[in-house]
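Participant: heads up, no residue letters with this:
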């Protein structure tokens, strides 16, 4: 960054190479302790929810939360410590462009959503995901996730994949502009499949088959889901599902829940995807008890 660079999100200069690359907030003169996973990076692979060594999505990954910004671009959540020294090329002194115009960074209040035992809470969406036995869940300010079965990715063994993962986030974090649950789930399934099983990790998807699509009631709301079976070039094939429904606490906000399960004897059975979908519930607006409202 240069001394005149305006505040904004940029690739974290302190990234250690473990987990997906996240972004750090530059306040106009120095790096802060605010981290986020890029909103579109909600992926089944490489997600290590709740694992200290990892970095989640869609939701939280290894302690980093999915974040949303207001119109000013100011970060809404702090979850990690900034590098003790500035990145290469970053100015050492104060510079223009800091929020407030006084050379001081405007750090937001730290807060963490508190989920009910057995659930991972997505505070912005107003929902809680059930955490099956043996799975790991992570709550977040603008996303939540549950995962199981970590292993080295087939196309890049330096990356971590999971046998099964389910992640939630407001639809706007995925840049989906559709206004109905059906249109949103239908529009998201291709991106979900590609980000879960495409690219170099799995060598791309050679074909897919729609297994299921239709309306479903989730957290008391009328939603819609689309489920595919995908065939990959490398490694396991998989099941992917995109589910969309109105937030229980904000009817004009659509929630997207992405699921991805390997087709493998070590992976969760497909019926678990249905059980998690059925178990999604409205959470408290404050993140306290996580009980239905």
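Facilitator: That came through fine. Not measured: the values here are computed from a predicted model. Numbering: from 1, shown residues only.
Participant: how about the helices in the stretch 101-250 of the chain?
Facilitator: Here the stretch 101-250 of the chain has its helices, by DSSP state H, counting those that start in this stretch, at 181-197, 199-202.
Participant: looking at these, which is buried most?
Facilitator: Of the helices of the stretch 101-250 of the chain, the one with the most neighbours on average (mean count of other C-beta atoms under 10 Å) is helix 181-197, at a mean of 22. Where you see a C-beta, it was placed from the backbone N, CA and C, and this is true even at glycine.
Participant: Below-threshold pLDDT in this structure: ranges please.
Facilitator: 1-4, 15-22, 34-114, 285-293 (pLDDT under 70).
Participant: before we move on, the earlier item: residue 228 is nearest to which of the helices of the stretch 101-250 of the chain?
Facilitator: helix 181-197 (5.8 Å; C-beta to C-beta).
Participant: Just list what the closest one packs against, helices and strands only.
Facilitator: Applying 3 or more C-beta pairs under 8 Å, 6 or more residues apart in numbering; DSSP states H and E, one finds that helix 181-197 contacts strand 205-218, strand 221-232, strand 238-247, strand 250-262.
Participant: Any idea which of the helices of the stretch 101-250 of the chain gets closest to residue 219?
Facilitator: Nearest of those (C-beta to C-beta): helix 181-197, 12.0 Å.
Participant: Between strand 205-218 and that closest one, find me the angle.
Facilitator: 140 degrees (axes from the mean of the first three to the mean of the last three C-alpha atoms, to 10 degrees).
Participant: Quick one: residues in contact with helix 181-197.
Facilitator: Identification of contacts with helix 181-197 by C-beta atoms under 8 Å, 6 or more residues apart in numbering yields 41-45, 171, 174, 176, 178, 205, 208, 213, 215, 222-226, 228, 230, 232, 237-238, 240-246, 254, 256, 258, 260.
Participant: Now the buried members of these.
Facilitator: Buried members of these, counted by 16 or more other C-beta atoms under 10 Å: 41-45, 171, 174, 176, 205, 208, 213, 223-226, 228, 230, 232, 237-238, 240-246, 254, 256, 258, 260.
Participant: re the thing from before, reformat the helices and strands packed on helix 181-197 as TSV; add distance to residue 139.
Facilitator: Formatted as TSV, the helices and strands packed on helix 181-197 follow (distance: least, C-beta to C-beta, whole Å):
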stretch	distance to residue 139
strand 205-218	18
strand 221-232	20
strand 238-247	16
strand 250-262	14
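Participant: Of those strands, give the one that comes closest to residue 145.
Facilitator: Comparing those under C-beta to C-beta, the one sitting nearest is strand 250-262, at 9.2 Å.
Participant: Does anything pack onto that closest one? Which helices or strands?
Facilitator: For strand 250-262, the packing partners by 3+ C-beta pairs under 8 Å, 6+ apart are strand 160-170, helix 181-197, strand 238-247, helix 270-279.
Participant: Nice, that's everything, thank you.
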